[in-house]
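**Q** coordinates only, sequence not included:
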């Protein structure tokens, strides 16, 4: 596609009076996912857009490949609304699909590459894609019967494809580039699977309006611009990953693709490409902080490390900034909210705060992006005071809220009964407007009428110098219904007794929150992106693990006595 063709937006949507040369009118709610890529290709086509291994694409080349992908899909009969699945690790081809698939009027469905074969088969059956793009490294993960009903199969990363498949580069080269298909702002452009309360997969449908609003909010909050280099260290099929590509293009930043996260390799790529922004989950941030490799001086380009997907701690903020040099920014969002809701960028007056106060603020979920419309309400539906202590559920409305769950109208209605999405996340709001996620509603432990948020106890345990990882679960109790128990992973070479950890908890928590038992384990189950897999946790007492040591010191005996007493029931 020529640059003249790239600029032919008026033929799709009519003349846009007042639009700037570098940004479509009403940028936050653009009707076409590709408007910003088209504008960048037209006005700044030689600027580098994507670096992926040995592949470097200018904005003009990136847009042309997206246009060819759209043309190739249309040529084989992919129609508006058809799903196109992508199975593979981070790759420039996936970034091309983020634009090329919606340009064809179809819906992109990136799938989790670390799922088991039966799980991937179930998602393919649910999505019923018209086409599937598969990285050659992931082909063995797909059962042949799972692809029987998929008419078009394209293999990425090979020169020659087996029978029944197309080789991506050859297939793309033969295609005729096409203009993006005109689409309504609320037309579905992408679908991402997320786990429901039943454990059955369900896909959140995101519209062009959703994606553009998220991109605009992230770009403004992080002050992304043409001089930025965004390193995709996290998997792009995950909510914490796919929230950034559209923002990067909107800012005309350069995107650098890391195929697989290995801490030292990630730091070397960051240093080599002089990345300014990257985003990870807390376990990845910890791995980067503890990794050998490039020095902090060699990583001097990094200005922003966005961390989300799970709760962070002030200790992690301190460690990450000391090692990497960039500013740590906590974040929060959901697949259903396109996804980023809040970012813990510091307000100007916080620059003079003591380090410990700053670290605590940066570890929070943060304050709403300009695109986010949210509230935190109590059980009566009233907004909780911004005191940093009152707890309520986070609810979201507006342009970030998904179009709905794919083929699940009842679940969609239950999630948004009155136009406000019920996130199921409990949070506080401090006087500066920063959210701090306390727990999931379904994860609360109810001990004698008192509610305990596992993340609160886990953060206290994680602050102990000997603890590397911790999880808290509710164990059945004959008198109080439930009682908290902890699973703890110690740091290599560190020692700590269960009694010492209970004493540590007792110094920071109410007696009923102190784990009744602490069991030491070698590792905790986590998802592919580092979240604690709570569904796979069970009370420590239900498994054979290293037993908790009896308390020998007087303070811990006092803790035990306090735990044996009834927690006060609410009046």
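**A** Yep, it's here. Note that the coordinates shown come from a computational prediction; the quantities given were computed from them, not determined experimentally.

**Q** Now do residue 462 against residue 312, distance only.
**A** Between residue 462 and residue 312 the distance is 10 Å, computed by C-beta to C-beta, to the nearest Å. In short, each C-beta sits where N, CA and C put it, glycine included.

**Q** between those two, who's got more neighbours?
**A** When residue 462 and residue 312 are compared for neighbours, residue 312 comes out ahead with 26 against 18, by other C-beta atoms under 10 Å.

**Q** Just give me the neighbour total for the residue nearest to the more buried one when sequence neighbours are not counted.
**A** Sequence neighbours aside, residue 363 is the residue nearest to residue 312 in space, at 4.2 Å (criterion: C-beta to C-beta, 6 or more residues apart in numbering). The tally of other residues near residue 363 (other C-beta under 10 Å) stands at 24.

**Q** next one: residue 392
**A** For residue 392, using other C-beta under 10 Å, the count is 22.

**Q** wait, isn't it in contact with residue 422?
**A** No - if you go by C-beta atoms under 8 Å, residue 392 and residue 422 don't touch, sitting 11.6 Å apart.

**Q** pLDDT of the longest helix anywhere in the chain, averaged?
**A** The longest helix of the chain (DSSP state H) is helix 59-75. The predicted model assigns helix 59-75 a mean pLDDT of 98.

**Q** Next, the buried residues of that helix.
**A** 59-74 (16 or more other C-beta atoms under 10 Å).

**Q** following it, which helix or strand shows up next?
**A** strand 83-87 (DSSP states H and E).

**Q** Show me what that next one is packed against.
**A** helix 92-103, strand 107-111, helix 117-127, strand 131-135 (3 or more C-beta pairs under 8 Å, 6 or more residues apart in numbering; DSSP states H and E).

**Q** Out of those, which is closest to residue 257?
**A** Closest to residue 257 of the helices and strands packed on strand 83-87, according to C-beta to C-beta: helix 92-103, at 6.0 Å.

**Q** mind listing what's buried in stretch 364-380?
**A** Neighbour-count burial for stretch 364-380 flags 364, 365, 366, 367, 368, 369, 371, 372, 374, 375, 376 (criterion: 16+ other C-beta under 10 Å).

**Q** For the closest residue to residue 441 other than its chain neighbours, give its distance to residue 380.
**A** Closest residue to residue 441 apart from its sequence neighbours, by C-beta to C-beta, 6+ apart: residue 424 at 4.8 Å. Remark: distance between residue 424 and residue 380 (C-beta to C-beta) = 17 Å.

**Q** With residue 488 instead?
**A** 38 Å.

**Q** quick revisit: can you list the helices and strands packed on strand 83-87 in TSV and add mean pLDDT, distance to residue 213 and mean neighbour count?
**A** TSV is the format used below for the helices and strands packed on strand 83-87 (pLDDT from 0 to 100; distance: least, C-beta to C-beta, whole Å; neighbours: other C-beta atoms under 10 Å):
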stretch	mean pLDDT	distance to residue 213	mean neighbour count
helix 92-103	97	15	26
strand 107-111	97	18	26
helix 117-127	93	24	17
strand 131-135	98	26	24
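
**Q** can you redo the ones you listed as JSON lines with distance to residue 403?
**A** Below are those laid out as JSON lines (distance: least, C-beta to C-beta, whole Å):
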{"stretch": "helix 92-103", "distance to residue 403": "13"}
{"stretch": "strand 107-111", "distance to residue 403": "10"}
{"stretch": "helix 117-127", "distance to residue 403": "15"}
{"stretch": "strand 131-135", "distance to residue 403": "21"}
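
**Q** Determine which of those approaches residue 493 most closely.
**A** helix 117-127 (36.9 Å).

**Q** starting at the chain centroid, how far to the closest one?
**A** 21 Å (C-alpha atoms, centre = their mean, to the nearest Å).

**Q** Quick one: work out the angle between it and strand 83-87.
**A** 160 degrees (axes from the mean of the first three to the mean of the last three C-alpha atoms, to 10 degrees).

**Q** which strands and helices sit next to helix 117-127?
**A** Against helix 117-127 (3+ C-beta pairs under 8 Å, 6+ apart) you get strand 83-87, strand 107-111, strand 201-207.

**Q** and those strands as a markdown table, adding distance to residue 324?
**A** As requested, these are arranged in a markdown table below (distance: least, C-beta to C-beta, whole Å):
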| stretch | distance to residue 324 |
| --- | --- |
| strand 83-87 | 30 |
| strand 107-111 | 28 |
| strand 201-207 | 31 |
